[in-house]
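> Please find the sequence and the predicted model below.
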Amino acid sequence: MIVKHQKVDLLVVGGGTAGIVGAMTAAGFGARTMLVEQSRTGGDCLWTGCVPSKTLLSAAAHAATIRTLTGQSPQFADVQKRILAAIKTIEPVDSPQALEAAGVAVVKGALTFLAPGVAEVDGERHSFRQALVASGGTPRINVIPGLAENLVLTSETVWEIERLPERLVIVGGGRIACELGQALARLGAEVSLVIRSCLLPQEDPEAAMLVKSSLESDGVKILEGDVITSAESTPRGTRLRLMNGKTIEADKVLMAIGRSPRTGGLHLERVGVDLDAGGHIVTDARMRTSNPLIWAAGDVTANPQFTHLAGVHASVAAANAVLGLQRRVSETVPRVTFTSPEVAAVGLTTAAKSSGHRIVSVSHAHVDRAVAEDDTTGFTRLVVNSRGKVLGGTIVGPRAGEALAELTLAVQKGLSTSDIAGTTHPYPTYSDGVWNAAVMDVRGRLSSPVTGKALSALLWGRRRWLDISGLRR
Ligand SMILES: Cc1cc2nc3c(=O)[nH]c(=O)nc-3n(C[C@H](O)[C@H](O)[C@H](O)COP(=O)(O)OP(=O)(O)OC[C@H]3O[C@@H](n4cnc5c(N)ncnc54)[C@H](O)[C@@H]3O)c2cc1C
Ligand SMILES: NC(=O)c1ccc[n+]([C@@H]2O[C@H](COP(=O)([O-])OP(=O)(O)OC[C@H]3O[C@@H](n4cnc5c(N)ncnc54)[C@H](O)[C@@H]3O)[C@@H](O)[C@H]2O)c1
């Protein structure tokens, strides 16, 4: 409990995933913790990110099945109701009440730093020993000459539209473009993706290719290596001109070109916190900023923008801050794109440099669960070193994100394919893909000349022993 004007041990800026986890961690250790949120606790993940997008994807997958079976499409308003219901179910966990119950004082308002150890929220001053900045990010918008502002959507505003746009152009080819593009196409929108480079460039090229053909089979038009140069209004919406000279008509344009860190108004310069060229707060591996008493986590830093990372990094930052520990964050970062098929990856993949390492692949045509479900589009691919240590991998297919947990543990703990091969996996599951790949790698190593000689010697010895002991009986 914080008495008014008492100095707090940890002042947390932002009530998204990073802020909530950081504040709960600090309060759990008994630190006097205050969390300041300018809008609503829960942040991007709950209100405009993971929760609505995954609910939308699930509704869209059901819609696709229903349309195939009955020719009917669901009402978009019903899908929106379902999204709201999911948010409302999860909201209490992230609420001010839940934070207060965990011992965190919650203050509503926009925080500004005044000087080291002093911040202000709506004219009221607060003193702090240390602070954790978890102010997140906002969608980037590319200004297209001639495009009316009211036609532009972002991942923050797309949830408020009254009806499904008939013709939607999405700018970008990352996770948001793929997930929302597929879902909205499955719900009946005519979707086009205009991508400056290519779809999911950071993933295994074969994985990106499978997502591309799946999106195309859902009716999404994919224009890679192109940009929109200008727009003009039409009676129904807009006509967008592409660099290649062609035009494309749209009712709405969704910007999915990444997110910018939200630091405006914080006055971080007053407390000596450095930003990088992209405006992200610079941290070390302990999540400490250039001011040793100020910590940062989540989308406001230059780390990959994932909820799981925001939470884990904030918990490390809070523990280091209030207990004086020296914990470092792990470099092992799992990621999942929740399209159909899902793309899940961790550590080294073939998209990254993997020269000198072995690649072991299993097509899901050889995974019995995938065969049984008639969903064999996908693969499991491991990157291993010469001694069989798992360095990373990619899984493409249904529930790939669930099977990735095992690979993540293997990479984080430096396990080998022998460790995975020697672990009994339940049958028939998609994790058979990981198991089969590991077994394949172990068999491959067993067939090397050196191992072959060792095995021959063992066999020879065993035969001799059996023959001799057999004679004695
Ligand atoms: C469409 C979409 C889908 C996504 N899907 C996934 C997914 O499936 N899996 C996944 O891992 N990640 C996903 N993400 C990413 C994930 O949502 C973010 O990485 C995560 O929410 C970041 O959390 P955060 O706490 O850093 O920031 P935020 O959630 O943005 O929270 C920051 C908070 O700080 C507050 N704030 C800012 N400045 C101040 C100030 N001066 N004073 C007081 N309060 C302030 C803001 O109001 C906000 O509530 C998705 C993102 C989007 C957009
Ligand atoms: N499943 C998930 O974990 C998930 C889902 C959605 C979003 N997110 C996170 O949210 C963040 C934002 O997602 P996103 O898809 O907007 O970003 P992203 O960084 O994944 O993709 C941005 C895309 O926009 C393109 N681009 C950038 N500038 C452009 C420009 N001026 N014109 C045209 N194209 C341009 C890039 O080449 C890239 O294809 C990401 O960091 C992502 O990790 C995660």
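Great, that's in hand. Ligands and ions are numbered 1, 2, ... in the order given.

> Of all the residues in the stretch 101-250 of the chain, which one is nearest ligand 2?
Ligand 2 sits closest to Gly174 of the stretch 101-250 of the chain, with a gap of 2.0 Å, by CB to the nearest ligand atom. All C-beta atoms are positioned from the backbone trio N, CA, C, and that covers glycine.

> Centre of the chain to the helix or strand hosting Ala119, how far?
Per DSSP states H and E, Ala119 falls inside strand 118-121. A distance of 32 Å separates the centroid of the chain from that of strand 118-121, by CA atoms, centre = their mean, to the nearest Å.

> Could you pull up the mean pLDDT of it?
Across strand 118-121, pLDDT averages out at 98.

> which strands and helices sit next to that strand?
If you count contacts as 3 or more CB pairs under 8 Å, 6 or more residues apart in numbering; DSSP states H and E, strand 118-121 packs onto strand 111-115, strand 124-133.

> 10 Å - rerun?
Applying 3 or more CB pairs under 10 Å, 6 or more residues apart in numbering; DSSP states H and E, one finds that strand 118-121 makes contact with strand 8-13, strand 33-37, strand 111-115, strand 124-133.

> could I get those as TSV with distance to Leu325?
Listed next are the helices and strands packed on strand 118-121 as TSV, based on distance: least, CB to CB, whole Å:
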stretch	distance to Leu325
strand 8-13	13
strand 33-37	16
strand 111-115	24
strand 124-133	13
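
> Let me have these in a markdown table, extended by mean neighbour count and distance to Leu99.
Converted to a markdown table, these look like this (neighbours: other CB atoms under 10 Å; distance: least, CB to CB, whole Å):
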| stretch | mean neighbour count | distance to Leu99 |
| --- | --- | --- |
| strand 8-13 | 28 | 10 |
| strand 33-37 | 27 | 6 |
| strand 111-115 | 17 | 16 |
| strand 124-133 | 21 | 14 |
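
> Throw those strands into a markdown table and include distance to ligand 2, thanks.
Compiled in a markdown table, the helices and strands packed on strand 118-121 are given as follows (distance: least, CB to the nearest ligand atom, whole Å):
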| stretch | distance to ligand 2 |
| --- | --- |
| strand 8-13 | 20 |
| strand 33-37 | 20 |
| strand 111-115 | 24 |
| strand 124-133 | 18 |
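
> Of all the ones you listed, which one comes closest to Lys212?
Minimum separation from Lys212 across the helices and strands packed on strand 118-121 (CB to CB) falls at strand 124-133, 37.7 Å.

> I'd like to know which elements that closest one is packed against.
Judged by 3+ CB pairs under 10 Å, 6+ apart, strand 124-133 is in contact with strand 8-13, helix 17-28, strand 33-37, strand 104-108, strand 111-115, strand 118-121, strand 294-296, helix 307-323.

> Adding distance to Val390 as columns, could you present the ones you listed in CSV?
Output for the helices and strands packed on strand 124-133, formatted as CSV (distance: least, CB to CB, whole Å):
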stretch, distance to Val390
strand 8-13, 36
helix 17-28, 28
strand 33-37, 38
strand 104-108, 39
strand 111-115, 43
strand 118-121, 45
strand 294-296, 31
helix 307-323, 20
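
> Mind putting the helices and strands packed on strand 118-121 into JSON lines with mean pLDDT and distance to ligand 1?
Converted to JSON lines, those look like this (pLDDT from 0 to 100; distance: least, CB to the nearest ligand atom, whole Å):
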{"stretch": "strand 8-13", "mean pLDDT": "98", "distance to ligand 1": "5"}
{"stretch": "strand 33-37", "mean pLDDT": "98", "distance to ligand 1": "5"}
{"stretch": "strand 111-115", "mean pLDDT": "98", "distance to ligand 1": "4"}
{"stretch": "strand 124-133", "mean pLDDT": "98", "distance to ligand 1": "9"}
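
> pLDDT wise, what is the residue of the stretch 301-450 of the chain found nearest ligand 2 at?
Minimum separation of the stretch 301-450 of the chain from ligand 2 (CB to the nearest ligand atom) falls at Gln305, amounting to 3.4 Å. Gln305 is assigned 98 on the pLDDT scale.

> Quick one: residues contacting the residue in the stretch 101-250 of the chain that ligand 1 sits nearest to.
Of all residues in the stretch 101-250 of the chain, Gly136 sits closest to ligand 1, at 2.2 Å by CB to the nearest ligand atom. Contacts for Gly136 (CB atoms under 10 Å, 6 or more residues apart in numbering) come out as 13-19, 43-45, 49, 259, 261-263, 298-300, 305, 310.

> low-scoring stretches of the protein, by residue?
Confidence mapping of the chain against pLDDT under 70 gives the ranges 1, 3, 351-354, 471-473.

> what does it have sitting close to ligand 1?
With CB under 6 Å from any ligand atom as the criterion, the chain meets ligand 1 at residues 13-19, 36-39, 43-45, 48-50, 53-54, 110-111, 134-137, 155, 176, 262, 265-266, 298-299, 305-308, 310, 338.

> now those: which count as buried?
Among the residues of the chain next to ligand 1, those buried by neighbour count (16 or more other CB atoms under 10 Å) are 13-19, 36-38, 43-45, 48-50, 53, 110-111, 134-137, 155, 176, 262, 266, 298-299, 305-308, 310, 338.

> just to revisit the earlier point, give me the sheet partners of the strand holding Ala119 and which way each runs.
Looking at strand 118-121 with DSSP bridges, its partner strands are strand 111-115 (antiparallel), strand 124-133 (antiparallel).

> Go ahead and produce PDB holding the CA coordinates of it.
Listed next in PDB are the C-alpha coordinates belonging to strand 118-121 (Å, rounded to 0.1, in the frame of the first residue of the first chain):
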ATOM      1  CA  VAL A 118      10.500  12.800 -10.200                       C
ATOM      2  CA  ALA A 119       7.600  12.400 -12.600                       C
ATOM      3  CA  GLU A 120       4.200  14.100 -13.100                       C
ATOM      4  CA  VAL A 121       0.800  12.700 -14.000                       C
END
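
> what comes up buried for it?
119, 121.

> With stretch 292-305 instead?
The neighbour-count check on stretch 292-305 (16+ other CB under 10 Å) flags 294-303, 305 as buried.

> thinking again about what came up before, OK, contacts around the residue of the stretch 101-250 of the chain closest to ligand 2?
The contact partners of Gly174, taken as CB under 10 Å, 6+ apart, are 195, 197, 199-202, 256-258, 337.

> Same check on Phe113?
Taking CB under 10 Å, 6+ apart as the test, what Phe113 contacts is 11, 13, 119-120, 128, 131, 133, 265-273, 291, 294.

> Beta-bridge partners for it, please?
When bridges are called by DSSP bridges, Phe113 pairs up with Ala119.

> Could you list the domains of the chain?
Taking automatic domain parsing as the criterion, the chain consists of the domains 8-41+95-138+260-323, 149-257, 341-446.

> Pick the most buried one from these.
Across these, averaging neighbours per residue (mean count of other CB atoms under 10 Å) puts domain 8-41+95-138+260-323 on top, at a mean of 21.

> Could you tell me the end-to-end distance of it?
Length of domain 8-41+95-138+260-323, first residue to last, CA to CA, to the nearest Å: 14 Å.
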